[in-house]
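Engineer: Please find the sequence and the predicted model below.
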Amino acid sequence: MSNRPNILLILNDDMGYSDLGCYGGEARTPKLDGLAGGGIRFTQFSSTPRCSPSRASLMTGLHPHQVGIGILTGYDGPDGYEGNLNRNGITLAELLRAGGYRTSMSGKWHLMRNDYLVDPDCDSRPEHRGFERYFGTLCGAGNYFSPRMIVRDGRFIDDEVRNDPDFYYTDAVSDHAVDFIDRHFRETPGQPFFQYVAYTAPHWPLHAKPADIARYTGRFAAGWDELRRQRLRRMIDLGLIDPAWQLSPRDPAVPAWADVPDKPWQERRMEVYAAQIDCMDQGIGRILDALRRHGQLDNTLILFLADNGGCAEELSAEWGRQAAGREIGTGPCTPDGRPVRYGNDPDVMPGDESTYQSYGVEWANLSNTPFRLYKHWTHEGGIATPLIVHWPAGIAARGELRHQPGQLTDIMATLVDITGIRYPEEFNGRRILPMEGASLVPVFEGRDRDVTLLFEHEGNAAVRCGRWKLVRNFTAATSGRGGFDPADRRGGWELYDMDADRTESCDVAAAHPRRVAEMAAEYDAWAARCGVIPRDDFLRAAKAWRERRQ
């Protein structure tokens, strides 16, 4: 067996910073809690604010605009916004495979254009980007009981899935990961493996198995106001949050729990969401059991994180009518002929595949305790993610916290550092961009790093340098139940002292104009280098492109 560790990278989808048990949440996550107890937890690690950009950055060690995923996987215009993972970088799977690792993936890919999903020759498919074996969904979301666009070994198996009454996507992702590990040790036990497990859970729709939902009956009856306070207390007790930091206010679009008229439906939304996380944790337990069977748990570097903060997106019936039949939908009917009821309707309890709902701004506000805002934004509610690292053979710490900041680009640099595989200047005859991140190995060992973190999504932007964070909003507000504060529309730069105020409650930009100017200039230089188009310019270009197509 090689002395290089196996690598198991686990990513989940649209989960808030504090949803796991070991980060203060109500969901039962004993397997992930156990990994945290046997390893380390990061308290200030950051994703990007959206799923596809995070996956692009995680896979390449570059910023998403550099590799074609400036927004999502629709074609959005010029270079950096093609919606397809381009060839400016090398993926983790390509790098590790070239260095002697066997590679496999199960789960959500979401790094190729929507109009290319059925093209087997698209070079953004996982099997063309370094993965020898793949099972999962190429698109961004869908029915958990009978998903569309599901692939095994290069072949769509939608009909097989729709004819399996026991199919549930989260279980299938876990079970294929177990199968890949077992096959690896049967076929090539002398090589290390890289396994990427990318869960869709707990991304909408709210679909979960009845037994998992039942475990949470009544668990959220106290409502979001009290549960946010309870979470904060647990997070302080766990050492994740400084007691001096203020709990961010309840979102202005959310009523006090005492005033909510549809409490049973609201509780049910969070019960299903927690059940989705619970099922994922059970599956991770089966993956860990496979590693134990082969005597490889200690020699496997395991990393778990989320792709962005909790998601405040509300699903309407009109959205559902547009989505039905697209790759993100589930069609107008279930396989057994029941109509699918799209949209967040309090008269329809979520959970079954004949429903298609989200948990909305109300519960996203709980998921992101104690932070502000959500997925899409570069405030902490949009980018703060748990990161659990477990590697008994390589990390001496057990159950410790690491407060040093980091971001997704650091994962590539870390794996290059640990494996000793050289990051190339060229790959497959093409020049590639140099890594943007810095290794986390010093942080594993309890040492500090001097890094600057930079972010942009849909005009929302941030710079993190030491204790200081510069952040601004662009995203248009929506009224009422959208959960987006109208006061944040096209705001200027805000500055926060993250040592004193990580919940971004007290903007000190006016007191530090020089620091704001220096950090803003650093952001502008980064944005120009990485192909970030100023949002107003982008919107004009996109409008002109659409008009040319008409």
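Structural biologist: Noted; the coordinates are in hand. Residues are numbered from 1 along each chain as shown.
Engineer: Identify the residues contacting residue 94.
Structural biologist: Under the criterion of CB atoms under 8 Å, 6 or more residues apart in numbering, the neighbours of residue 94 are 129-130, 427. Using the backbone N, CA and C atoms, a C-beta is placed for each residue, glycine as well.
Engineer: Export those residues to a markdown table and append columns for neighbour count.
Structural biologist: Output for the contacts of residue 94, formatted as a markdown table (neighbours: other CB atoms under 10 Å):
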| residue | neighbour count |
| --- | --- |
| 129 | 25 |
| 130 | 21 |
| 427 | 16 |
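Engineer: Make JSON lines from the residues you listed and add distance to residue 26 to it.
Structural biologist: Listed next are these as JSON lines, based on distance: CB to CB, whole Å:
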{"residue": "129", "distance to residue 26": "37"}
{"residue": "130", "distance to residue 26": "37"}
{"residue": "427", "distance to residue 26": "44"}
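Engineer: Can you flag which of these belong to strands?
Structural biologist: residue 427 (DSSP state E).
Engineer: closest to residue 287 among the contacts of residue 94?
Structural biologist: Each of the contacts of residue 94 was scored against residue 287 by CB to CB, and residue 130 proved nearest at 20.4 Å.
Engineer: my read: that closest one touches residue 85, true?
Structural biologist: No. Residue 130 is not in contact with residue 85 according to CB atoms under 8 Å; the separation is 11.2 Å.
Engineer: any common contacting residues for those two?
Structural biologist: What both residue 130 and residue 85 touch, as defined by CB under 8 Å, 6+ apart, is the set residue 91.
Engineer: all helices in the stretch 301-450 of the chain, in order from the N-terminus.
Structural biologist: Using DSSP state H, counting those that start in this stretch, the helices of the stretch 301-450 of the chain run over 317-323, 360-367, 380-383, 409-419, 441-444.
Engineer: Show me the one of these that comes nearest residue 198.
Structural biologist: Comparing the helices of the stretch 301-450 of the chain under CB to CB, the one sitting nearest is helix 409-419, at 13.3 Å.
Engineer: Give me the residues contacting the closest one.
Structural biologist: By CB under 8 Å, 6+ apart, the surrounding residues in contact with helix 409-419 are 4-5, 7, 9, 57-58, 60-63, 92, 95-96, 99, 101, 301, 303, 394, 421-423, 435-441, 451.
Engineer: List buried residues within those.
Structural biologist: Among the contacts of helix 409-419, those classed as buried by 16 or more other CB atoms under 10 Å are 4-5, 7, 9, 57-58, 60-63, 92, 95-96, 99, 101, 301, 303, 421, 423, 435-441, 451.
Engineer: Could you tell me which of those residues belong to strands?
Structural biologist: Members of the buried ones among the contacts of helix 409-419 lying in strands (criterion: DSSP E): 7, 9, 301, 303.
Engineer: between those residues, which is closest to residue 206?
Structural biologist: Distance to residue 206, by CB to CB, is smallest for residue 9 among these, at 26.1 Å.
Engineer: in which helix or strand would I find the nearest residue to residue 297 once chain neighbours are set aside?
Structural biologist: Distances taken as CB to CB, 6 or more residues apart in numbering place residue 291 nearest to residue 297, at 4.3 Å, with adjacent residues excluded. Element membership of residue 291, judged by DSSP states H and E, is helix 263-293.
Engineer: Which positions within that helix qualify as buried?
Structural biologist: For helix 263-293, the neighbour count (16+ other CB under 10 Å) marks 265-285, 287-288, 290-291 as buried.
Engineer: same question, stretch 400-416
Structural biologist: Using 16+ other CB under 10 Å as the test for burial, stretch 400-416 gives 402, 404-416.
Engineer: First residue to last residue on it, what's the distance there?
Structural biologist: Taking CA to CA, to the nearest Å, stretch 400-416 runs 24 Å from one end to the other.
Engineer: what does stretch 115-126 give?
Structural biologist: So stretch 115-126: terminal residues 16 Å apart, CA to CA.
Engineer: ok, and for that stretch, which residues are buried?
Structural biologist: Residues of stretch 115-126 classed as buried by neighbour count (16+ other CB under 10 Å): 116-117, 122, 124-126.
Engineer: Quick check: helices, which of those residues are part of them?
Structural biologist: Taking DSSP state H, every one of those sits outside helices.
Engineer: of all those residues, which comes closest to residue 50?
Structural biologist: Of all the buried residues of stretch 115-126, residue 50 sits closest to residue 124, with 17.2 Å by CB to CB.
Engineer: gap between the closest residue to the closest one other than its chain neighbours and residue 511?
Structural biologist: Distances taken as CB to CB, 6+ apart place residue 112 nearest to residue 124, at 3.8 Å, with adjacent residues excluded. Distance, residue 112 to residue 511, using CB to CB, to the nearest Å: 46 Å.
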